[in-house]
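Chemist: just need the structure, nothing else, for what follows:
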Amino acid sequence: MKGLSTIMPPDHTPIMNPRYGSGIFRRRIRVEHRDGRVVAGLEDPVHACLVSLTHDGHTITHIEAAWIRNPTRACVGATRQLPSLAGRLLTASRAEYREYDNPRQHCTHLHDLLGLAVAHALRKIPSRQFDVTVPDLKDGSTLAEVSVDGRQILAWHTDLRTVTGPGDLAGGPIFRGFNQWAAQHYSGDTLEAAHVLQMGIFVANSQLFDITAVRAKYPTTPLVQKHMIGACYAYQPENVPAALPTQNTVRDFTHSADDMLAFL
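Modeler: Predicted coordinates:
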């Protein structure tokens, strides 16, 4: 990682979102059976992507992935990583799926989306849709919710770093330690929804900043903090030089949830 400490501009400081406090972060994910395949789509303000999984009822036989909107130019290369998982068994276990390959060598969002498609391949229901809503913090707190097919499954009070309620859930981590904590409280489909909500809260932190302004100010500089190196495909040391910010790709779905996943 020699030299990566100088990637960030020395004068770089976050540009805060002047509209923060009035918005709602939304993330929608849908997985569908289509003629022997599972097609999955994900959309939120800073990501929009597709995964298509072909299987024989037991094994993954073919994988395709595509970006509609991606945060960095390096993200595109991550679509070539997922096909390496062809030949693996279908599984409803997220933990087992994540053992197939190092998730950090993949785009976090594409890899998670494929995991949901792999699990859905074993279900008999035609489709499943997850909707995450995280209103901007007010007085340091918000209520983050995840619904599945229109039915609320989980609702957590959070400061975007920890779960602050309700009841005995207070103190649950959103970042390091979440997997173990969630497995202690949930199982099955509810555990799946918990992971979807956790990642939604993680990405909702981006609402704090004016991402469009940051990208416009530093169009030719990979905006990668040192602690992010190695976290995902785009931030692997060899890919960081190509992780230049994409422009004009941020969307606000505060008042337009119905516009999400129109490309699916």
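Chemist: for this structure, what spans make up the strands?
Modeler: 24-34, 37-43, 48-55, 60-69, 127-135, 142-148, 151-158, 162-165, 172-173 (DSSP state E).
Chemist: tell me which residues of the fifth one come out buried.
Modeler: When neighbours are counted by 16 or more other CB atoms under 10 Å, the buried residues of strand 127-135 are found to be 128, 129, 130, 131, 132, 133, 134, 135. The C-beta positions use only the backbone N, C-alpha and C, and glycine is treated the same way.
Chemist: for the longest helix seen in the chain, packing partners?
Modeler: Criterion DSSP state H: the longest helix present in the chain is helix 188-204. Contacts defined by 3 or more CB pairs under 8 Å, 6 or more residues apart in numbering; DSSP states H and E place helix 188-204 against strand 24-34, helix 94-98, helix 108-120, strand 127-135, strand 142-148, strand 151-158, helix 178-185.
Chemist: nearest to residue 251, of those?
Modeler: strand 24-34 (9.6 Å; CB to CB).
Chemist: other SSEs contacting the closest one?
Modeler: strand 37-43, helix 108-120, strand 127-135, helix 188-204.
Chemist: dump these to TSV, plus mean pLDDT and distance to residue 25.
Modeler: Listed next are the helices and strands packed on strand 24-34 as TSV, based on pLDDT from 0 to 100; distance: least, CB to CB, whole Å:
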stretch	mean pLDDT	distance to residue 25
strand 37-43	98	12
helix 108-120	98	14
strand 127-135	98	4
helix 188-204	98	4
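Chemist: center of this protein, which residue is that?
Modeler: residue 109 (4.0 Å; CA atoms, centre = their mean).
Chemist: check contacts around that one.
Modeler: By CB atoms under 8 Å, 6 or more residues apart in numbering, the residues touching residue 109 are 42, 47, 49, 199.
Chemist: and the last one, what does it touch?
Modeler: The reference is to residue 199. So residue 199 contacts 27, 108, 109, 112 (CB under 8 Å, 6+ apart).
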